[in-house]
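Participant: Can you look at this prediction? I've put the sequence above it.
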Amino acid sequence: MRFGAVVAGGVAAVVVGAVAFGYISNRSGERDPVLAPPSGAAFNEDRALAKGPNRGSFSVDGRSVAVIDRGAVALAQGGALKAVSPPGGRVVDFAWMPNSQAVLVAEGPIPTGQVTVIDFAGKVVGTARLNPSIAFGSGYGMSVDSRGVNAAVIAVDRDAIGGNERRDLAVIELTTGKVTRLPTPDLDERQPVFIDDNTVAVLETADIEGGGVARVVAVDLGSGTRTPLDSRATLKVIGATDDGEVVVSERTADNRERVVTLTLAAAKRKVLATLPIGQRAVAADPQARRVLVATDVNVASASGTIIVTQLRAVDIARPSAGGGVNPG
């Protein structure tokens, strides 16, 4: 199936097969992070997911969590993982569609020439044939805009001599499959997120082999203008809020990770929380109230004890006016 576009009642939507994707925005001093209440029954009673996956993200409505598990996209339900795409597949990256009921999937590392939308029944409801075809490598981040019209991805090339990867921001028009690459030959780019439908934030690093410092920039997709945000010691971009703030993880002087929001319009930054040693931020929900973190845990195996990753929800919400934590 191909993607098609429709505008009804002044609301833009994307139709994938017979499924219409729409979006409604509904956003509602640093504090010690605490375990979050379950979000959409994704987590178990310990606010954790099944051990193994180290990559995941919150849905647009903040109620669900999906992960990459053994080459497949899986939906978290009560801590267990239900495969959405075929188990044992080649999924290297995914992004939530605006309706929070389907995901855009990229396979690799060998280019397939397409991206696919899969709903939570495991049905392929749309495919965009890429023109020109690009590779996604092992996956360096994807994001879909609020209309479901464009996807921001990282296109990967590998040098013929030496085999070094080069990563650039690219935009896929899901209605046509057209790919527009925004090349930056001297920069390594990853983890794009839409700030709004015309602006993408991306983590860029200059001279990565020489230990270059990473920074977050906002890229205007119309003009190509790149505006640095007030990021410091940035490790990764972990999300964007409904209000257009970019959520990042930064390294502290004592080698912990702090969660920070960055704002383009006023060049503001706000530290939300500093995670305990051993916790690594993976993704933030669209209200920047909850973070998915990864920790290393020991698991018994036939060959002895091995170390695997476990994802867990941590609440970083500011206290509400009544003194409690904003409900999830």
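Facilitator: Looks like it came in fine. Keep in mind that this is a model prediction, so the values were computed, not measured. Residues are numbered from 1 along each chain as shown.
Participant: low-scoring stretches of the stretch 51-200 of the chain, by residue?
Facilitator: 162 (pLDDT under 70).
Participant: so how many other residues sit close to R63?
Facilitator: Using other CB atoms under 10 Å, R63 is surrounded by 15 other residues. Quick note: C-beta positions are derived from backbone N, CA and C, even for glycine.
Participant: what about the strands in the stretch 151-300 of the chain?
Facilitator: For the stretch 151-300 of the chain, the strands defined by DSSP state E, counting those that start in this stretch cover 165-173, 179-182, 187-196, 199-206, 214-220, 226-228, 234-240, 246-251, 257-263, 268-274, 280-284, 290-301.
Participant: May I have the fourth one exported as CSV, CA atoms only?
Facilitator: Put plainly, it is strand 199-206. Coordinates of the C-alpha atoms in strand 199-206 are reproduced here as CSV (Å, rounded to 0.1, in the frame of the first residue of the first chain):
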residue,chain,number,x,y,z
THR,A,199,11.8,22.2,12.6
VAL,A,200,13.9,19.2,13.6
ALA,A,201,16.4,19.1,16.5
VAL,A,202,19.4,16.8,16.0
LEU,A,203,22.5,16.0,17.9
GLU,A,204,25.6,16.9,15.9
THR,A,205,29.3,16.1,16.6
ALA,A,206,32.2,17.6,14.8
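Participant: returning to that earlier point: of all the strands of the stretch 151-300 of the chain, which one is nearest N99?
Facilitator: Nearest of the strands of the stretch 151-300 of the chain to N99, taken as CB to CB: strand 187-196 at 15.5 Å.
Participant: quick one, what contacts the nearest residue to A152 once chain neighbours are set aside?
Facilitator: Using CB to CB, 6 or more residues apart in numbering and skipping the chain neighbours, the partner closest in space to A152 is P192 (4.0 Å). P192 makes contacts with G141, M142, S143, A152, V153, I154, L169, V200, A201, V202, V237, as judged by CB atoms under 8 Å, 6 or more residues apart in numbering.
Participant: And A72, by the same measure?
Facilitator: Counting by CB under 8 Å, 6+ apart, A72 makes contact with A83, V84, S85, P86, P87, G88, G89, V91.
Participant: Just the ones in strands from those, please.
Facilitator: Secondary structure defined by DSSP state E assigns A83, V91 of the contacts of A72 to strands.
Participant: What subset of the contacts of A72 is buried?
Facilitator: With burial judged by 16 or more other CB atoms under 10 Å, the buried subset of these is A83, V84, S85, V91.
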